[in-house]
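Colleague: make a model of this:
(2 chains)
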Amino acid sequence: MKKVEAIIKPFKLDEVKKALGELNIEGMTVTEVKGFGRQKGHSEIYRGAEYMVDFLPKVKIEVVTSDEMTPKVVAAITEAARTGKIGDGKIFITPVDDGVRIRTGERGTDAL
Amino acid sequence: MLKLFSAFLICLVSATNALADGPAVDTGDTAWVLISTALVLLMTAPGLALFYSGMVRRKNVLGTLMQSFAVLCVVSIQWVLIGYSLSFGPDRLGLIGGFEFFGLSGVGQDPNPDYSATIPHQAFMLFQMMFAVITPALIAGAFAERMKFSAFLVFTLLWTTLVYDPLAHWVWGVGGWLRVLGALDFAGGAVVHISSGAAALAAALTLGKRKGYLTEIMPPHNLPLTVIGAGLLWFGWFGFNAGSALGANGLAATAFLTTNTAAAGAGLSWMAAEWLHRGKPTLLGLASGLVAGLVAITPAAGFVSPLSSIIIGLAAGVICYLSVAIMKPLFGYDDSLDAFGIHGVGGILGAVATGLFATTVVNTAGADGLFSGSGALLGKQLIAIGACFLYSFTISLVILKAIDMVMGLRVAKDDEVQGLDITQHSESGYSL
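Modeller: Alright, predicted model coming up:
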C-alpha cells in the first residue's frame, strides 16, 4: 500500500477529484493548507502599506491505494492538476504499513 | 408620603399645562429628527463596529465589536444623567453647561427654542446623544487589539464627561465661547472628528505599538465586514448631517446632497491616489476614502454648495491617504485603524474647508468664507481647530496616564498574543 499526497492549486480540486473518480478510487481526504515552494508568495496592499504574503493557499489531497494502482493515481493527478505555470504543486508517495476499517476490523488493502 | 404624592400630582399637572401652552411641535421636523437619531445610532452599532472589526485580526473581532456596543450603552446612560446638562445646560463662563438639566430635569416634550423651536426638547436631546455616543467609539480605532476592556470602560466614561461634553458646549451650547466667536461646525467636524482624532493620537502614543507591529503582517481579517460597515456609515451619515438641519426642510436636502457628493469624491480620489502610488485600486482604499469624505464634509454640510462639496471630497481622499500611507510610517506611531489619520486629519481639513467655501447663499444663518470674499471666518475656524485639538489631546493624555497608573491600560503581553476575544471576553468569533 502507498499513500499519495498531492499539494495542488485549489481551483484544480474538482478536476482532480473527477480524474480519480474515473479510476474507481474508494476514498480521499482533502485539506486546505498554506505553504510556499518555488512560486514564493505575493504582495497585498492595505491602506498604502504593502505586505509580503509568504504562504499561499493550496489544497492537499491524500489517497491511500494498493501498490498496483499507485502509478495510475499519480498519473491522473499529474494530468488533471497541471496548468504548466509555476505553482502547480507536488506529489509525494510514501509506503503504508497497514490500515484498518474501523467498522469491521478489516486490515490492509481490504480496508481501503 | 402624602407630601410626596401631592408633589407628584403638582408636577403632573404643571407638565400637562406646559404641554398645552408650549410652542408648537412640527410633526414633519420631529419625524425627521427622530429618524435621523436612529440613523446616527446605526453609524455606531453596527456601522463603525463592523468597519473596525473587519480590519483587526480574527482573534480580536469580538473585542472590537464589543467596544462600539459598550460605548453605546455607557454614553446613553451618562448623557441622560449628566452629559446633556454639561453640554447644553445654561452656560457657565462660555466653557460648560450647568447642572440645570441634570437627570433631564426640565427636558420634556416641549421644544426648547434656544436649540430647536419646532421639535420636542427630548428629541433634540436624543439626537445629540447619538453624537456623544459615536465620538468615543471612533477613538477605539487608535488602540485596537491591545486595550483592557475594563480600562476602556473607564476611559469612555471619563473622556465623554471631561472632553466631549465641554467641547460640545463650546461649539454648540448657547453662550459657548466658540459659538459666540462665530466658528461654524454644522454637524460636528470639530466636536466629533477633531476631538476624537486628537484623542486617538494621544491614545496611540500613550499605549504604544501593538506587539509585532511592522515586524509581523497584520492584514485585515475580514474586509467584507469592513465594507458593510462603511456602507452603514454612509447611510447613517445622512442622519448625522442632514439631520443636523433639525428640520425636514431645504437645508436638510442641501446637507444630504453635499454629504453624498463629498463621500463619492473622496472614495474615488483615495482609490486613485493608491492606484498611482501602489499600482492597484483597492476596496479598502475606496471604503476608507468615502469615510474620509464624510468626515470632511461634516462641518461644512449645511454651509457649502454641492460643487464645493466635490472639491472637499476629492481633497479629503488624497490628503487622508497621504496621512495614513506616508505620514504614519514616517513618524512610526501605531494608530492601528487610522482614527487620527481619517477623523483627525479629515476633521481639520473639513473645518478649514468650511472657512474657505462657506456661503450665505446656501445658508443665511451661516457666514461667508474666503472664496465668498471674507477671510474672517477662516481665522475663527483656525482658532476652533486649535482649541478643540489641543484641549482634547491634552485632557486625553491626562486621563490615559491616570488610568494607566491606577489600573493599567494595556492587556498583558500573553493576552495580546492570544487575542482580546478569549482573554477579555472568553468568547470566539469563529468556530473553525
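Colleague: who touches residue 96 in this structure?
Modeller: Looking at chain A here, since you left the chain open. Residue A:96 makes contact with A:1-3, A:64, according to C-beta atoms under 8 Å, 6 or more residues apart in numbering or on different chains. (Each C-beta comes from the backbone N, C-alpha and C, glycine too.)
Colleague: switch to chain B, please.
Modeller: Contact analysis of residue B:96 by C-beta under 8 Å, 6+ apart lists B:86, B:165-166, B:169.
Colleague: circling back: in strands only, show me the contacts of residue A:96.
Modeller: The strands, defined by DSSP state E, take in A:2-3, A:64 from these.
Colleague: got a quick PyMOL command for the buried subset of these?
Modeller: Selection of the buried residues among the ones in strands among the contacts of residue A:96 in PyMOL, burial being defined by 16 or more other C-beta atoms under 10 Å in any protein chain shown:
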select buried, chain A and resi 2+64
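Colleague: nearest to residue B:302, of the ones in strands among the contacts of residue A:96?
Modeller: residue A:3 (70.6 Å; C-beta to C-beta).
Colleague: what's the longest helix in the chain?
Modeller: You didn't say which chain, so I picked chain A. helix A:70-81 (DSSP state H).
Colleague: hmm, I had chain B in mind actually
Modeller: Under DSSP H, chain B gives helix B:376-406 as its longest helix.
Colleague: for the longest helix of chain A, buried residues please.
Modeller: For helix A:70-81, the neighbour count (16+ other C-beta under 10 Å) marks A:70, A:73-74, A:76-78, A:80-81 as buried.
Colleague: now find how far off-centre that helix is within its chain.
Modeller: Put simply, helix A:70-81 sits 10 Å off its chain's centre (C-alpha atoms, centre = their mean, to the nearest Å).
Colleague: cool, and stretch B:277-290?
Modeller: Worked out by C-alpha atoms, centre = their mean, stretch B:277-290 lies 23 Å from the chain centre.
Colleague: stretch B:235-253 now?
Modeller: Distance of stretch B:235-253 from the chain centroid (C-alpha atoms, centre = their mean) equals 16 Å.
Colleague: put the alpha carbons of it into PDB.
Modeller: The C-alpha coordinates for stretch B:235-253 follow below in PDB (Å, rounded to 0.1, in the frame of the first residue of the first chain):
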ATOM      1  CA  PHE B 235     -26.300  55.500   5.100                       C
ATOM      2  CA  GLY B 236     -26.300  56.700   8.700                       C
ATOM      3  CA  TRP B 237     -24.300  59.800   7.900                       C
ATOM      4  CA  PHE B 238     -27.500  61.200   6.200                       C
ATOM      5  CA  GLY B 239     -29.000  61.400   9.600                       C
ATOM      6  CA  PHE B 240     -25.800  62.800  11.100                       C
ATOM      7  CA  ASN B 241     -25.500  65.700   8.600                       C
ATOM      8  CA  ALA B 242     -29.000  66.200   7.000                       C
ATOM      9  CA  GLY B 243     -30.500  65.600  10.500                       C
ATOM     10  CA  SER B 244     -28.400  68.500  11.800                       C
ATOM     11  CA  ALA B 245     -30.700  70.800  10.000                       C
ATOM     12  CA  LEU B 246     -33.000  69.900  12.800                       C
ATOM     13  CA  GLY B 247     -36.000  70.100  10.500                       C
ATOM     14  CA  ALA B 248     -37.500  68.500   7.400                       C
ATOM     15  CA  ASN B 249     -36.600  71.400   5.100                       C
ATOM     16  CA  GLY B 250     -34.400  72.600   2.200                       C
ATOM     17  CA  LEU B 251     -31.300  72.900   4.300                       C
ATOM     18  CA  ALA B 252     -31.600  69.200   5.200                       C
ATOM     19  CA  ALA B 253     -31.800  68.400   1.500                       C
END
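Colleague: which residues sit against it?
Modeller: B:26, B:28-29, B:31-33, B:35-43, B:47, B:115-116, B:118-119, B:124, B:127, B:131, B:186-188, B:255-256, B:258-260, B:263, B:294, B:297-298, B:301-302, B:363.
Colleague: skipping adjacent residues, who's closest to residue A:79 in space?
Modeller: Taking C-beta to C-beta, 6 or more residues apart in numbering or on different chains, and ignoring the residues beside it in sequence, residue A:79 has residue A:19 as its nearest neighbour in space, at 6.7 Å.
Colleague: got a list of contacts for the worst-scoring helix or strand of chain A on mean pLDDT?
Modeller: Ranked by mean pLDDT, DSSP states H and E, the weakest helix or strand in chain A is strand A:49-53, scoring a mean of 86. Residues from elsewhere that reach strand A:49-53 (C-beta under 8 Å, 6+ apart): A:41-45, B:217, B:219, B:278, B:325, B:329.
Colleague: make it 6 Å
Modeller: Here strand A:49-53 makes contact (C-beta atoms under 6 Å, 6 or more residues apart in numbering or on different chains) with A:41-44, B:217, B:219.
Colleague: nearest spatial neighbour of whichever residue of chain A sits closest to chain B, skipping sequence neighbours?
Modeller: Of all residues in chain A, residue A:48 sits closest to chain B, at 2.6 Å by C-beta to the nearest C-beta. In space, and not counting its chain neighbours, residue A:48 is closest to residue B:325: 2.6 Å by C-beta to C-beta, 6+ apart.
Colleague: before we move on, what about residue B:86?
Modeller: residue B:165 (3.8 Å).
Colleague: ditto for residue B:280
Modeller: Leaving aside its chain neighbours, residue B:280 sits nearest to residue A:45 (6.0 Å; criterion: C-beta to C-beta, 6+ apart).
Colleague: you'd agree the one you found is up against residue B:279?
Modeller: No: here residue A:45 does not reach residue B:279: they are 7.9 Å apart, not a contact under C-beta atoms under 6 Å.
Colleague: more neighbours, these two?
Modeller: Set residue A:45 next to residue B:279 and count neighbours by other C-beta atoms under 10 Å in any protein chain shown: residue A:45 wins out with 19 against 10.
Colleague: gap between stretch B:347-364 and the chain center?
Modeller: 18 Å.
Colleague: before we move on, what about stretch B:37-52?
Modeller: 11 Å.
Colleague: now it: average pLDDT?
Modeller: For stretch B:37-52, the mean pLDDT works out to 98.
Colleague: thinking again about what came up before, and which of the buried residues of helix A:70-81 is nearest to residue B:206?
Modeller: Of those, the one sitting nearest to residue B:206 (C-beta to C-beta) turns out to be residue A:81, at 52.9 Å.
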